[in-house]
Every structure is written in C-alpha cells, then in structure tokens.
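Visitor: everything below, folded, please.
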Amino acid sequence: MRLWVCIALLSTVLCASADRPRIIEGAVRAGQFVRDAAGGAWDMFRAYKDMREANYKGADKYFHARGNYDAARRGPGGAWAARVISDARENWQSGVSGRGAEDTHQDQEANRWGRNGGDPNRYRPKGLPSKY
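Guide: Down below sits the predicted model:
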C-alpha cells in the first residue's frame, strides 16, 4: 500500500512539473487567438459605433485607424480580425459608395497605420470632441 501511495505522489509531482503536451499548448494558443479575434472585432465595432455617433465630417480615417489600433493591440488574433473586417468593409464600400478609389486607398492606409501600431491621432481632425 505504501508503495502505491509513493508511486501516486511521485507521478503527481512529475506531471505537475512537466511541460504541457504539444496538443494542449496548441489548443491554448488557438483559444487565445480566437479570444483576441473576438475582442478585435468588438474594438472595430466600437470604433464604427463611435464614428456613427460622432457624425463628424472628415473623422472617418481617425476611426479606421483607432479601431485597427485597438484590435491589433490585443495580439495576432485581433490584428487578423481587424485586417479581415477592414478589407471586407472597403471591398464592399468601394462598390457601393460614390467616394471612389482614392478614398478607399486612404481608408486602407489609415487601417494599416493603426494595425501597425501607429498613433490614430495622426488622422484626428481638429474639433472632434475629446470623448472620442
């Protein structure tokens, strides 16, 4: 009986101090990526909601940069979500809105700037309320 107790305790100590198996590590990383992506999508939605609420002429580039910046700060999943959402939005808008290719190009530039860690305030227009 004592031998089995010692073996059980030794096994517990060895398992507790061992590295996680690769499959567990992969699952943990995948879960973190998904959590970051969901948070990044939320950051993008919040920036869009703020842009609609502010309804301030010339502020769209700021909100594009801010949404991408906030999402990318979450990690690789957030940056991925920001890129997918930004590209989908710009592809859809370029066919629907009458603003043209130049506006789409400027929007994508602001998206990349924010996603790469650039300060969104670069695109902040004068007079935009400090709430945003």
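
Visitor: can you tell me the element the closest residue to I85 other than its chain neighbours falls in?
Guide: Among residues not flanking I85 along the chain, M44 sits closest, at 4.9 Å (CB to CB, 6 or more residues apart in numbering). The C-beta positions use only the backbone N, C-alpha and C, and glycine is treated the same way. M44 belongs to helix 22-54 when assigned by DSSP states H and E.

Visitor: right, and the helix or strand after that helix?
Guide: Defined by DSSP H and E, the subsequent element after helix 22-54 is helix 60-72.

Visitor: in the helix or strand following that following helix, what's buried?
Guide: The helix or strand immediately downstream of helix 60-72 is helix 76-96, counting by DSSP H and E. Within helix 76-96, the residues scored as buried using 16 or more other CB atoms under 10 Å are G77, G78, A79, W80, A81, A82, R83, I85, S86, R89, E90, S94.

Visitor: for helix 76-96, packing partners?
Guide: Applying 3 or more CB pairs under 8 Å, 6 or more residues apart in numbering; DSSP states H and E, one finds that helix 76-96 contacts helix 22-54, helix 60-72, helix 101-115.

Visitor: just the C-alphas of it, formatted as CSV.
Guide: Written as CSV, here are the backbone C-alpha positions of helix 76-96 (Å, rounded to 0.1, in the frame of the first residue of the first chain):
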residue,chain,number,x,y,z
PRO,A,76,-2.3,38.3,-33.5
GLY,A,77,-6.0,37.3,-33.4
GLY,A,78,-7.0,41.0,-33.0
ALA,A,79,-4.8,42.1,-35.9
TRP,A,80,-6.2,39.3,-38.1
ALA,A,81,-9.8,40.3,-37.3
ALA,A,82,-9.0,44.0,-38.0
ARG,A,83,-7.5,43.1,-41.3
VAL,A,84,-10.4,40.9,-42.4
ILE,A,85,-13.0,43.3,-41.3
SER,A,86,-11.3,46.3,-42.8
ASP,A,87,-10.7,44.6,-46.1
ALA,A,88,-14.3,43.3,-46.3
ARG,A,89,-15.7,46.8,-45.4
GLU,A,90,-13.5,48.5,-48.0
ASN,A,91,-14.3,46.0,-50.7
TRP,A,92,-18.0,46.4,-50.1
GLN,A,93,-17.9,50.2,-49.8
SER,A,94,-15.8,50.7,-52.9
GLY,A,95,-18.6,49.2,-55.0
VAL,A,96,-21.5,50.9,-53.1
